[in-house]
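Student: Using only what follows, build the 3D model:
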Amino acid sequence: VQLVESGGGLVQTGGSLTLSCTASGSVFRFWTVGWYRQPPGKHRELVASVTRAGIYNYSDSVAGRFTIIRSNGQNTVYLRMNSLKAEDTAVYYCYADTVGSGPAYWGQGTQVTVSS
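Tutor: Next comes the predicted model:
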């Protein structure tokens, strides 16, 4: 399984950005998929996830601002980020949980920098 991310970059405070993560393989629709992030000098943290049944989970810090969207037909998961803050600056990683025991595969990471 390969996960390829795109969409990171530099954005001003209050702006928006959408990340994409496309997976290889034909069973994407069975996986839980989502996004983690790792701010500078901090541990990796869960941002958002969606199960194959469409159950969504968001961290408190992004709820109401970020939206995770999965497209099974395109084997792609998106992270739509609105009202970005400086504290959203991080490397963002998509993941796939293929067996129900947590992230099994990771994307390469994409940098998101929010400037004031």
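Student: Quick check: closest non-adjacent residue to the spatially most central residue of the chain.
Tutor: Nearest to the geometric centre of the chain sits Trp35, at 2.8 Å (C-alpha atoms, centre = their mean). Of all residues beyond its chain neighbours, the one nearest Trp35 is Val47 (4.4 Å), with distances taken as C-beta to C-beta, 6 or more residues apart in numbering. All C-beta spots, glycine's among them, are computed from the backbone N, C-alpha and C.
Student: contacting residues around that neighbour?
Tutor: Gly34, Trp35, Tyr36, Arg37, Tyr58, Ser59, Val62, Phe66, Leu79, Tyr92 (C-beta atoms under 8 Å, 6 or more residues apart in numbering).
Student: residue contacts, Ser83?
Tutor: Taking C-beta under 8 Å, 6+ apart, we find Ser83 in contact with Gly14, Ser16, Arg65.
Student: rewinding a little: and the residue nearest to the centre of the chain, that's in a helix?
Tutor: No. Assigned with DSSP: H, G, I helix; E, B strand; the rest coil, Trp35 falls outside any helix and is strand.
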